[in-house]
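> Okay, here's the prediction I keep looking at, along with the sequence it came from:
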Amino acid sequence: MTASDWPQQEVVREVRPAPDRYRNALGKYRIDRSAACAGCGRCVEVCSYGVHAKPPGYAFTLRPQDHLCIGPECAESPESCVAQCRQHALTMRRNPSSECMGDPRWSSDLILANWHEAATGHAAPPHIESRHGASGGGFDSMRFKFEVPGLEQPVAAPTAAEIDTGLDLNNRGDGRPQAHIDIPVYGGGMSFGSVSIHTILAKARAAVAWNSFTCTGEGGYPDRLRPYDDHVITQVATGLFGVREDTIQRVRIVEFKYAQGAKPGLGGHLLGDKNTPAVARMRGAVAGNALFSPFPFHSVYSVEDHKKHLDWIKEVNPTCLVSVKVSTPTDVDMVAVGSYYAGAHIIHLDGSYGGTGAAPDIAKKNIAMPIEFAIPKVHKFLSAEGIREKITLIASGGIRTAFDVLKAIALGADGVVIGTAELVALGCVRCASCESGRGCPRGIASTDPELIQQMSVEWATQRLINLQNAWREQMVGVLARLGMSSIRELRGRTDVLCYLTGDPDGEVWQ
Amino acid sequence: MPDRYHIHTVPTPPRFRRIGKFGNVDWREDCSRCTNCVKLRCLYDVYRHEAAYNRDPLTPLETSDECKACLSCVQGCTKGLLSASVNPEFLDLGDEYWKPDILLTTWNQSDTGRIPVSGAGYRGRFHGPGFDSIWTDMSEIVRPTRDGIHGREYISTSVDIGPKPLRLRFTPDGRMLTAPSHLLEIQLPAILDLPAWPVEDAGGDLAKARAAAAGELKTLAVMPVAEATPDPFVVPLLGRDDIANSLEILKAARMAQVEDCPEVAELAGKVLAVNPRVILSVRMPLGPAAAGRILDLAGERIKVFHLCADLHGRERLESGRPGRHIKDALRELHGRLVKEGIRDEVTLIVSGGIALAEHMAKAIICGADLVAVDTALLVALGCRVCRHARGTGASCNPCPAEIGSADEVYAAQRIVNLMGAWHSQLIEVLGAMGIREVRRLRGEVGRAMFLEDIEREAFGDLCRVPRNRVSA
């Protein structure tokens, strides 16, 4: 089973609280307490959400834990702390700081919901929108029919215990070992250099806990990942940074990265500031120099060349599966078919709106199609070609929530890869400053020795384990609602989805 | 190795304090004066810069160090005294087309001349009207440029302006009947156009800056003949009575422009009589009648057309109401000219609503040979497309960004920086598509994805439900 000669470490799949690592947790709403407060403690008595606290012996109540507040639904009722305060010292409003986070794709609510899921291991409460972003298209314009009033009633549901969210990744029947994952999700490639070693290790440990995978990205294979070899996908990208025969031989899946959604058709670019001595050593480069991954593979100009590549990897590691990561051009369906005939086990489509690394804004927005369009295109084409059951179709690039996972699968994918969702779980606010200076101010996508200390591996691992648990619970809930006992039944079931038409909220359309 | 086209950008900071996107609110009351105050730990040193500016407004501006809303200070403050908020003044910038983020990225590009780069994926709406419903293709494996990032210098962005006869005709004895034509080659598929509304420019520095920038960029700058100087990079815009008084300017010009009018052919004759080698272009509104007019004028040996859309890239209809977006109008126009068999004979320049580098690439995909940039040049100089500008033709007087007071060298460099960043971004797009020259991008709708097409293909079999049936 294992290809690694290194002792493998176990990580327990257990949900445990992993609260925000900052002193002041951010919430959707903010409770302000004015100087008129007399410290009577009435608010503590009426709030059932734990916003207010007055420990024994304290003359005044503590600063409100307003991240626990559920907002107007409570505040406008006569029983709320705001209404019950005899001094009229309390007010509730949207938290302006949390409104600074996010964007239409990753709305402030989605970030807060993700944080709640990562902190508790369970779905976010209803006052936070945890299913859809506010981008007005793609997954955000898609609903399960049961979400639309009057459209479809639920069917007889299997019990949650009977529902299987696992996935086999080798469907070729070529005699190579099976790789089974317990959730239809694994971690995307983020290179050592683009994110901190703590982030990389936490991703790997969470992958072990969930019997899934994480990916090294193209920056080489840090030795600290060796105890998790069985759950690591190593990447062979155009720059071939840190690619060695022994790194290919120690893993169960090797991924060829032809392109990436963040910058389709362009090479990777690690800015000089992030190329620290440790990164340079790993990549076999000179510290401080900007590192470019050329595009494309200079040895591949045809499907035949591509097959030669896959054969090379299969020869080096006779037991590994091969994944091919491509972006989403107009002919992505042809690319997928070509990859199958070249011998790939997994075709991984990376849509244009995703990505975690620094990329030109023009590329992120405009080049190649979003993943929502690519999945059905490839799924239908592979089906028509009669090879759909032989290859695993993995989608990535803008998978933000458990509902996005389910919609991607309903559109035709077997499973998904996530990247940004994991970073958000670790505390990313999507300020988009991953690339500048010392890197991520929150220590997630940084190699700065001081900044990375903001987050421990243990805490980060727990956040990711919790996130996956919350997602799995939501997936199981939806599958039960649809009367399905396996995630595999959902694949290609576009009949359970509907597409919203008309003008997205308030935007002026012509 | 021959010289390659290269735009020399020079960091040129803004003249005024920028309206930032985020603001920090600091309730100092109850501060416990911690020794490890989060303000001192700000990675971008925002608080220190704020304090320095508050002490002395003449402190050099550190525009690259604005607050990024990482919220580390908000979440880290011992007493929870700090808040961040989106600056309402920022949200109020521009209008529904010239959105605050477009202004901000244009300012940043004009500051540095560099491509905007950020992490964490795309952040905007899924799609939108006009150019926001087009995605460009990329080439996964096989690509003509073959050499990716290190071969970008081999991608050509030059375009030809002028009559291009499809074939040469000869007499039986071999004498050429086709009148000799010459083309004007410019190195950037963008020329610098007039401001879309009157801008205070008492000293003429803005016009001079555009001319100087055009020279540096090896492109052209359109300007009213009253502001024009004898300069090969200047395109004088001539009225009926201007020709006799502008002989020097016309003789120096490589291209001239006249407004469309019933006697435009006669005007063209007069211009060519002064300078037979000048390329004559006719400026007309982009509208449903444009195709017919182009077909008529092409028969009169006028082959270059400058189609002007409105500030938001929409057709200018006779009713005064906005029409279709450039994307739709131009595709139809281009298709009609292809069908009529004259598309390769004429050059189409389109302007209005070209706000970002991607709009340049997408307008060309929709059928333009090149674009003319107008409002974006003002934004490069600090314009906020404010309410003054949005009025119907009213002059921006006084301009809150004091554009008229910018000196020529400064303004020219800001324009060069912006166009340099656009040029680099165009090369990114062409490189990703595997297209070696921008001429081949024209009308390449097969290498682009249009929302209406891919939405139908991908989601055509999904049950459709009106958006108002579900809660937001």
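Arrived safely. If you're wondering where the values come from, they're calculated on a predicted model, not measured in any experiment.

> now the strands for the stretch 351-472 of chain B?
In the stretch 351-472 of chain B, the strands defined using DSSP state E, counting those that start in this stretch lie at B:370-373, B:448-450, B:463-466.

> so of those, which one's packed in deepest?
Most buried of these by mean neighbour count (mean count of other Cβ atoms under 10 Å in any protein chain shown) is strand B:370-373; its value is a mean of 27. Glycine gets a C-beta too; all of them are placed from N, C-alpha and C.

> Could you list every helix and strand that that one packs against?
Applying 3 or more Cβ pairs under 8 Å, 6 or more residues apart in numbering or on different chains; DSSP states H and E, we find strand B:370-373 packed against strand B:190-192, strand B:347-351, helix B:357-366.

> if you set the cut-off to 6 Å instead, what comes out?
For strand B:370-373, the packing partners by 3 or more Cβ pairs under 6 Å, 6 or more residues apart in numbering or on different chains; DSSP states H and E come out as strand B:190-192, strand B:347-351.

> before we move on, back to that, now distance to residue A:490 too, for the strands of the stretch 351-472 of chain B, in TSV please.
Compiled in TSV, these are given as follows (distance: least, Cβ to Cβ, whole Å):
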stretch	distance to residue A:490
strand B:370-373	46
strand B:448-450	27
strand B:463-466	16
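
> Reformat the ones you listed as JSON lines; add mean pLDDT.
Listed next are the strands of the stretch 351-472 of chain B as JSON lines, based on pLDDT from 0 to 100:
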{"stretch": "strand B:370-373", "mean pLDDT": "98"}
{"stretch": "strand B:448-450", "mean pLDDT": "95"}
{"stretch": "strand B:463-466", "mean pLDDT": "91"}
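
> Low-confidence ranges, the chain, go.
I'll assume chain A. By pLDDT under 70, the low-scoring segments of chain A are A:1-2, A:153-154, A:436-437, A:503-510.

> Chain B, not that one
For chain B, the ranges with pLDDT under 70 are B:1-2, B:28, B:60-65, B:141-152, B:387-397, B:471-472.

> what about the helices in it?
Here chain B has its helices, by DSSP state H, at B:46-55, B:72-76, B:88-91, B:100-112, B:205-217, B:247-252, B:264-274, B:290-299, B:326-339, B:357-366, B:375-380, B:387-390, B:408-433, B:451-459.

> ok, now the stretch 1-150 of chain A?
A:42-46, A:72-75, A:81-84, A:96-99, A:108-120 (DSSP state H, counting those that start in this stretch).

> Single out the most deeply packed of those.
helix A:108-120 (a mean of 25).

> Point out the other helices and strands that that helix packs with.
Looks like helix A:108-120 contacts helix A:420-425, helix A:457-482 (3+ Cβ pairs under 6 Å, 6+ apart).

> Run the angle between that helix and helix A:457-482 for me.
With axes from the mean of the first three to the mean of the last three Cα atoms, to 10 degrees defining the directions, helix A:108-120 sits at 110 degrees from helix A:457-482.

> Not counting its own residues, what contacts helix A:108-120?
Helix A:108-120 is contacted by residues A:18-19, A:28, A:98-99, A:101-102, A:124, A:128-130, A:133, A:400, A:424-425, A:463, A:466-467, A:470 when judged by Cβ atoms under 6 Å, 6 or more residues apart in numbering or on different chains.

> Would you tell me whether stretch A:483-492 gets close to chain B?
No. Contact of stretch A:483-492 with chain B (Cβ under 6 Å from any Cβ of the partner chain) is absent, the minimum separation being 10.5 Å.

> Any idea how far that stretch is from the middle of the chain?
Once both centres are worked out by Cα atoms, centre = their mean, to the nearest Å, stretch A:483-492 turns out to sit 21 Å from its chain's centre.

> what about it, how long is it end to end?
Chord length of stretch A:483-492, first to last residue, is 15 Å (Cα to Cα, to the nearest Å).

> most packed of the helices and strands packed on helix A:108-120?
Highest mean neighbour count among the helices and strands packed on helix A:108-120 (mean count of other Cβ under 10 Å): helix A:420-425, a mean of 28.

> Now do that one: which elements does it pack against?
By 3+ Cβ pairs under 6 Å, 6+ apart, helix A:420-425 packs against helix A:108-120, helix A:457-482.

> List of residues touching that helix?
For helix A:420-425, the external contacting residues (Cβ under 6 Å, 6+ apart) are A:111, A:114, A:118, A:356, A:400, A:444, A:463, A:464, A:467, B:121.

> Could you check how many residues crowd around residue 23?
You didn't say which chain, so I picked chain A. As a burial measure, residue A:23 scores 12 neighbours (other Cβ atoms under 10 Å in any protein chain shown).

> Chain B, not that one
Neighbour tally, residue B:23, other Cβ under 10 Å: 20.

> quick one, what contacts it?
B:85, B:87.

> And it, how close does it get to residue A:96?
9 Å (Cβ to Cβ, to the nearest Å).

> so residue B:337 sits right up against residue B:343, yeah?
Yes. Assessed by Cβ atoms under 6 Å, residue B:337 is found in contact with residue B:343 at 4.1 Å.

> returning to what we had before: of all pairs in the contacts of helix A:420-425, which one spans the longest distance?
Among the contacts of helix A:420-425, the pair separated by the greatest distance (Cβ to Cβ) is A:463 and B:121, at 19.6 Å.

> what about the helices and strands packed on strand B:370-373, which gets the closest to chain A?
Among those, the nearest to chain A by Cβ to the nearest Cβ is strand B:190-192 (14.8 Å).

> Tell me the residues of the stretch 351-500 of chain A that contact chain B?
A:353-355, A:358, A:360-369, A:373, A:376, A:420, A:429-435, A:441, A:494, A:497-500.

> Go through the residues you listed and flag which are in helices.
For these, the ones inside helices are A:361, A:362, A:363, A:364, A:365, A:366, A:373, A:376, A:420, with DSSP H as the criterion.

> Sort out which one of the residues you listed lies nearest residue B:45 for me.
Residue B:45 has its nearest neighbour among those in residue A:361, at 24.2 Å by Cβ to Cβ.
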